[in-house]
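> Following is a predicted model, sequence given first.
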Amino acid sequence: MASILVPASPTFVERRSTRTSSNPEGQERRQFTNSHQELSADASELANAIDQYKLQHRRRFINFEEMLAIFKTLGYSR
């Protein structure tokens with residue numbers, strides 16, 4: 001029988017605890033960096049407020065209560 005060559009596995013690199021210049025402290029990588037360019041001024045303000053909330057609270061997704069709180073900080077009233 002022929003011997004099977006197993007390639008050496010690369011060593012594991014822990015990247016969660018390190019910060020680089022492309023990911024400064026307090027910022028999160030974003031997939032859509034310029035997605036707010038084609039929005040109206042009001043929609044862009046809302047989108048930026050939601051993004052800031054997510055960054056400050058380290059949340060990837062928000063629920064309806066959190067979204068309502070963001071609306072209220074922007075001056076929404078029923």
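Done, it's in.

> What mean pLDDT does stretch 55-70 get?
Stretch 55-70 carries an average pLDDT of 94.

> Could you list which residues are in contact with residue 45?
If you count contacts by CB atoms under 8 Å, 6 or more residues apart in numbering, residue 45 has them with residue 74. Bear in mind the C-beta positions are built from the backbone N, C-alpha and C, glycine included.

> Off-centre distance for the helix or strand harbouring it?
Per DSSP states H and E, residue 45 falls inside helix 41-57. Offset of helix 41-57 from its chain centre (CA atoms, centre = their mean, to the nearest Å): 12 Å.

> Of all the residues in it, which ones are buried?
46, 50, 53-54 (16 or more other CB atoms under 10 Å).

> Just give me the closest of the residues you listed to residue 77.
Nearest to residue 77 among the buried residues of helix 41-57 is residue 46, at 15.1 Å by CB to CB.

> Do I have it right that that closest one meets residue 75?
No - with contact defined as CB atoms under 8 Å, residue 46 and residue 75 do not form a contacting pair (11.0 Å).

> what about residue 39, distance to residue 78?
Using CB to CB, to the nearest Å, we find residue 39 at a distance of 23 Å from residue 78.

> That concludes my questions; thank you for your assistance.
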